[in-house]
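Q: Generate a structure from the sequence data that follows.
(one chain, ligands or ions: 1)
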Amino acid sequence: MRDFIGKMDMPLNAIVKSFRQNPEGFEVTEPRNLGSSKYSVIGVTDKDTETNLHPYQNVTYFVINRDTRRAAVIDPGIIGGVGVEKQRGYLAMSKLGIEQALYGVITHCHIDHWIGFKSYPDIPFYATQACIDTLNHGGEAVQFARGTLAPSHSTDLPPRVIEYAKSLKWDHQLTNYKNMLRGHQEDIPMDLLALPGQTRDSSYAVMESDGEKYLFAGDLFLDGGEKGLLIEPHYSQVDKLSVVQDTLIVLNGILGKGQEIPESYGGLYPDIYQTLTTIQNPDLIFLGHNTFDMSENRAAVEELAHGLKDILRHGQIKERHRKYMVCGLD
Ligand SMILES: [Zn+2]
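A: Predicted coordinates:
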C-alpha cells in the first residue's frame, strides 16, 4: 500500500501526468470528468508487447471516485506479473492513486475483457448469466481461451496468453443480474444493463450526472477511422439477420429512436424498452478499444444504423453492406 501514500492529496490530473512521465509500457487517457460529479473515467492500455495481448489488447477503464479514490474496473484486460501486487493491472491501478477497487464489470465474455481479473483481489465482478456460463463452462478453464479466437481473426493470441488463460480459475464472486442493476453500489453508482452487443451476453454500464451520460458498450462497434464505424459480431447459433437486428436495436436505443421490438425479445430482455431508454443519447461511449464522442460523431452512428436497416430491408447481406463489417457474418 506504500505506493498510495501522498496520492490522496494530489489532483487526478497531476497523478495522470506523473503516470505518463513514467508510463512503464502503459498508455493512459486524460481523466474524463462526469458532469460536476466526483467521478472520473481513465482508460489504460498495456502497450508492452512482452505482456500485452498484441492486437487484441483492450482498454481497461477505471471509474474513480475522486473523493474516496476507490474505483470500479470495467473490462480487466491487463495481464502480466506474478503475485497480486506485481501484476500489471494492479500496477496501473496503484499508479492512478486508486486505494481500492470496489467491483468490476465484464462487458462480454471475450478474453481481452476479463483475463486480468486477478489484479483486483476480492472484488465481485458483474456480468450477464450467459457470460458467466461461458466463463465457468464445466469448470474448464480452457473455455476461457475459447470464444475469442474467431475464424475471422488472422492473428492468433500469443501462446503465453492462452497458457495463462488455461491456468486460471475464477475465485472471485461472479454476480449476474437479470436485466438491470441500478445504483446499488455505495461508492460508485452505475446502471448495469443486459443487451446484445458484440456477443449476445453483453453488459452495458451507464453513469449519469448533470444531464451528462457515459455509456460503457464493450465492443458493440469499432471506430475504423477512415473506414467509418464497423461491427464485428461474434455470435453462434443465431441466424445472421437476427444478429444484424440485435445490433440495430441497440444502435437505435443509443440514438434515442423508437424501434419496433420483435415479439421474441420479450423473453430475452424483459425490460428492453426501459433498458433502451436508459442508454439513449450518451455523451461519451467507452468502447473496448477507444472512446467515442457522440456529440461529434452522431452521424457515423446514424450511418451504421442506416446500413444495418438496409440489410434487414433486403433480407440479405449484399456487397455494399460489407463496408459496415469487420467480418461478413458468413
Ligand atoms: Zn469482444
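
Q: Return the residues in contact with residue 41.
A: Neighbour list for residue 41: 31-32, 34, 61-64, 214, 284, 286 [criterion: C-beta atoms under 8 Å, 6 or more residues apart in numbering]. (Glycine included, C-beta is placed from N, CA and C.)

Q: Just to be sure, residue 192 is in a strand?
A: Yes: Residue 192: assigned to a strand according to DSSP: H, G, I helix; E, B strand; the rest coil.

Q: coming back round to it: between the contacts of residue 41, which is nearest residue 91?
A: Here the nearest of the contacts of residue 41 to residue 91, counting by C-beta to C-beta, is residue 62; it sits at 12.5 Å.

Q: Doesn't that closest one lie inside a helix?
A: No: counting by three-state DSSP, residue 62 is not found in a helix; it is strand.

Q: burial measure for whatever residue of the stretch 51-200 of the chain ends up closest to the ion, as a count.
A: Taking C-beta to the ion as the measure, the stretch 51-200 of the chain has residue 110 as its residue closest to the ion, at 3.4 Å. Counted with other C-beta atoms under 10 Å, the burial measure for residue 110 works out to 26 neighbours.

Q: Equivalent analysis for the one 10 residues further on, please.
A: Burial of residue 120 is recorded as 26 neighbouring residues (other C-beta under 10 Å).

Q: before we move on, what about residue 81?
A: The burial count assigned to residue 81 is 17, neighbours taken as other C-beta under 10 Å.

Q: any idea where the helices of the stretch 151-300 of the chain begin and end?
A: Ranges of helices within the stretch 151-300 of the chain are 159-167, 240-255, 265-268, 272-279, 294-314, based on DSSP state H, counting those that start in this stretch.

Q: just so I know, which of the ones you listed lies nearest the ion?
A: So among the helices of the stretch 151-300 of the chain, helix 240-255 is nearest, using C-beta to the ion, at 13.2 Å.

Q: And that closest one, what does it pack against?
A: With contacts defined as 3 or more C-beta pairs under 8 Å, 6 or more residues apart in numbering; DSSP states H and E, helix 240-255 has these neighbours: helix 272-279, helix 294-314.

Q: Now do the same contact list for residue 238.
A: Residue 238 is in contact with 200, 246, counting by C-beta under 8 Å, 6+ apart.

Q: can we see that at 10 Å?
A: With contact taken as C-beta atoms under 10 Å, 6 or more residues apart in numbering, residue 238 is in contact with 196, 200, 245-246.

Q: Tell me the spacing between the residue of the stretch 51-200 of the chain closest to the ion and residue 197.
A: Taking C-beta to C-beta, to the nearest Å as the criterion, residue 110 is separated from residue 197 by 10 Å.

Q: Next, show the common contact partners of the two.
A: Taking C-beta under 10 Å, 6+ apart as the contact rule, the neighbours common to residue 110 and residue 197 are 218-219, 234, 288.

Q: Filter the residues you listed down to the buried ones and express that as a PyMOL selection.
A: Per 16 or more other C-beta atoms under 10 Å, the buried members of the shared contacts of residue 110 and residue 197 correspond to this PyMOL selection:
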select buried, resi 218+219+234+288
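
Q: among the shared contacts of residue 110 and residue 197, which two are most distant?
A: Taking every pair in the shared contacts of residue 110 and residue 197 and measuring C-beta to C-beta, the maximum separation is 12.1 Å, between 234 and 288.

Q: so residue 45 bridges to which residues?
A: In this structure, residue 45 has the following beta-bridge partners (DSSP bridges): residue 27.

Q: was I right about it contacting residue 27?
A: Yes: shown here, residue 45 and residue 27 form a contact pair, counting by C-beta atoms under 10 Å, at 4.5 Å.

Q: Name the residues contacting each of these two.
A: In contact with both residue 45 and residue 27: 57, 59, using C-beta under 10 Å, 6+ apart.

Q: which of those two has more neighbours?
A: Taking other C-beta under 10 Å, residue 45 and residue 27 do not tie; residue 45 has more neighbours (20 against 13).

Q: can you dump the C-alpha coordinates of stretch 50-68 into CSV?
A: These are the backbone C-alpha positions of stretch 50-68, laid out as CSV (Å, rounded to 0.1, in the frame of the first residue of the first chain):
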residue,chain,number,x,y,z
GLU,A,50,6.1,-8.6,-23.8
THR,A,51,3.0,-8.7,-21.6
ASN,A,52,0.0,-7.5,-23.6
LEU,A,53,-2.4,-9.3,-25.9
HIS,A,54,-0.9,-7.9,-29.1
PRO,A,55,-3.7,-6.5,-31.4
TYR,A,56,-6.4,-7.8,-29.0
GLN,A,57,-5.4,-5.6,-26.1
ASN,A,58,-8.4,-3.7,-24.9
VAL,A,59,-8.7,-0.5,-22.8
THR,A,60,-9.4,-1.2,-19.1
TYR,A,61,-11.5,1.7,-17.7
PHE,A,62,-11.1,2.8,-14.2
VAL,A,63,-14.2,4.8,-12.9
ILE,A,64,-12.7,6.7,-10.0
ASN,A,65,-14.4,8.4,-7.1
ARG,A,66,-12.1,11.3,-6.7
ASP,A,67,-13.1,11.8,-3.0
THR,A,68,-12.5,8.3,-1.8
